[in-house]
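1. I'll drop the sequence and a predicted model, then ask my questions.
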Amino acid sequence: MGTTVSARFWQLIALGLAWVGYSTTYLLRKPISVIKNDLKTELGFSMTQLGWLDTAFLLPYAASQVLLGSLGDRVSPRKMLGGSMLIASASMVSFGYWKSHSVFLLLLFINGAAQSLAWPGAVKGVVSWFNGDDKNTALGVLGTSAFVGGFLGTAVAVQLQKDGWETCFVIPSVVVASVGLVIIVLFKSSQDIQNAADGVQSREKEVTSHTSFSELWRIRSLPEVTVCCFFVKFIRYCMLMWLPMYLYTELRYSKIESGMLSTVFDIGGILGSVLLGFISDRLFQGNVLCCTSVALFLSSAAFLLFLFTSSQGMMYNGLGMLLAGITNCGSDTMITGPIAAQIGEQDGRNVQSATTGIVNGIGTAGAILQGPLVGILAGFIGWSGVFYAMVLLTLVSGFFMVRVQSAQNAVTFQEL
């Protein structure tokens, strides 16, 4: 009983620290979107210059996950997650006291590169504790940290902005650094605890010290899962970035109504992350691939429902967005969490951090590309065309996930 209680205690500690750690990273991501108008009016930045600020963060964030994700398989999750938070906070603490666009680009580049290590480290640490029936549920709960962190990051920035946009980074940097230090001390993997109980020094496995990207890319089903993640993130960020504008210009809601109503999609994301993890563990016996395949096909139906009932009023609009958020964002969490980790565990491998970094990193490219592509598509064929494109991409993602499931079934059959 004592061992079971102790293990459960450390499971909850690991999940709680990973959740708090990753959610607080958004305190250093969201302020940029809040202060853009201040940068435009006070510093005279053009719209193009403001756009480059987003790119300065997102490009290294995506690239570094692909290139450095395997670092989490050679060092402990606590060092990877905690260290990324310390570097990110150090890069942004003085952001508000510079006035140079070039310096802003440099600081955001460092911030993006550092934060790229946070998600693989968090996933690796949680997976080390949850390898049984609750793993998908635990990673689903971890996935909600991104959505809650986004809310908190924006809310904190808005409050700090009242004292001047320059103050939006100091307190968040201190908070992120403090949490990072706590994680370095307390965010123990199961191997760390076992080594401590045995009285031996913890040593990191070097299972991926010579594993190149080309070798990782040849892991069974990794390319298919990565492409699926690219499409799912493309759609998710299309909704996050363009939904308020669509509600305002096409459905004729007021600016306040558009902003508030668009958050229903985010709420769906929080619910979906938990629900899909729980359902995959309980109703699909841990088969997260099958559960996510079903969710993706339901997601295409949800987008069609939202489109076809767009003229029926707020209740129908809200229902469509809620269902789309549950299925799309929930699928995103499952793909970048348990599925990516499962790919890294195949054939006795221990490269969950590397595969998580590749899947989430290349998938983030979809978030980067959606901006100009959706703008062009909406201009040429209208918003209905954009939604039909999202339905098509969601269906393609679902078929990719079915293909991955089939490949896994074939291997299981051969082993019988």
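-> Received it, and whenever you're ready, just let me know what you need.
2. And the average pLDDT for the biggest helix by length in the chain is what?
-> What stands out as the longest helix in the chain, according to DSSP state H, is helix 352-415. The pLDDT scores in helix 352-415 average 89.
3. For that helix, name the packing helices and strands.
-> Counting contacts by 3 or more Cβ pairs under 8 Å, 6 or more residues apart in numbering; DSSP states H and E, helix 352-415 packs against helix 47-68, helix 118-127, helix 213-217, helix 222-249, helix 288-308, helix 314-334, helix 340-344. Yep, even glycine has a C-beta here, placed from its N, CA and C like the rest.
4. Identify all contacting residues around stretch 357-364.
-> Outside stretch 357-364, the residues that touch it by Cβ atoms under 8 Å, 6 or more residues apart in numbering are 58, 61-70, 72, 116, 119-120, 213, 216-217, 222, 225-226, 229-230, 232-233, 332, 335-336, 339-340, 343.
5. Relative to the whole chain's centre, how far out is that stretch?
-> Centre-to-centre, stretch 357-364 and its host chain are 9 Å apart (Cα atoms, centre = their mean, to the nearest Å).
6. Alpha carbons only: can I get that stretch in CSV?
-> C-alpha atoms of stretch 357-364 as CSV (Å, rounded to 0.1, in the frame of the first residue of the first chain):
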residue,chain,number,x,y,z
GLY,A,357,9.6,17.4,-30.9
ILE,A,358,9.4,16.4,-34.5
VAL,A,359,5.7,16.0,-34.6
ASN,A,360,4.9,19.2,-32.7
GLY,A,361,7.7,21.2,-34.5
ILE,A,362,6.8,20.3,-38.0
GLY,A,363,3.1,20.6,-37.1
THR,A,364,3.7,24.1,-35.9
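7. The chain should start at 57 in everything you say after this.
-> Yes, from this point I'll number from 57; that puts the last item at stretch 413-420.
8. quick one: buried residues of that stretch?
-> For stretch 413-420, a neighbour-count test (16 or more other Cβ atoms under 10 Å) marks G413, I414, V415, N416, G417, I418, G419, T420 as buried.
9. between whichever strand or helix holds G138 and helix 174-183, how many degrees?
-> Using DSSP states H and E, the element containing G138 is helix 133-148. Helix 133-148 and helix 174-183 are oriented at 160 degrees to each other (axes from the mean of the first three to the mean of the last three Cα atoms, to 10 degrees).
10. Check which helices and strands helix 133-148 is in contact with.
-> With 3+ Cβ pairs under 8 Å, 6+ apart as the test, helix 133-148 has helix 58-80, helix 157-171, helix 174-183, helix 226-242 packed against it.
11. One more pass at 6 Å, please.
-> The helices and strands touching helix 133-148, judged by 3 or more Cβ pairs under 6 Å, 6 or more residues apart in numbering; DSSP states H and E, are helix 157-171, helix 174-183, helix 226-242.
12. Y372 contacts F364, correct?
-> No. If you go by Cβ atoms under 6 Å, Y372 and F364 don't touch, sitting 9.2 Å apart.
13. more neighbours, the two?
-> The residue with more neighbours, out of Y372 and F364, is Y372; 15 against 12, by other Cβ atoms under 10 Å.
14. Any stretches of this protein with poor pLDDT?
-> Within the chain, the ranges that satisfy pLDDT under 70 run 57-61, 128, 188-189, 247-266, 468-472.
15. Just give the closest residue to A174, not the sequence neighbours.
-> Spatial nearest neighbour of A174, excluding adjacent residues (Cβ to Cβ, 6 or more residues apart in numbering): S140 at 4.7 Å.
16. neighbours of that neighbour, just the number please.
-> S140, neighbours per other Cβ under 10 Å, totals 31.
17. Ok, the one 4 residues further on next?
-> A count of nearby residues for A144, using other Cβ under 10 Å, gives 29.
18. what sits against it?
-> L84, N167, A170, Q171 (Cβ atoms under 6 Å, 6 or more residues apart in numbering).
19. and with 7 Å instead?
-> T81, L84, N167, A170, Q171, V232 (Cβ atoms under 7 Å, 6 or more residues apart in numbering).
20. same thing with A358?
-> Neighbours of A358 in contact, by Cβ under 7 Å, 6+ apart: G376, L379, A380, T383.
21. Would you mind measuring from the first one to T389?
-> Distance of G376 to T389, computed by Cβ to Cβ, to the nearest Å: 20 Å.
22. How about the second one?
-> Counting by Cβ to Cβ, the separation of L379 from T389 is 16 Å.
23. These two: which is more packed in?
-> For L379 and T389, the more surrounded residue by other Cβ under 10 Å is T389, and the numbers stand at 29 against 21.
24. if we can go back for a sec, now the angle from the helix holding G138 to helix 408-471?
-> Between helix 133-148 and helix 408-471, the angle comes out at 140 degrees (the same axes, to 10 degrees).
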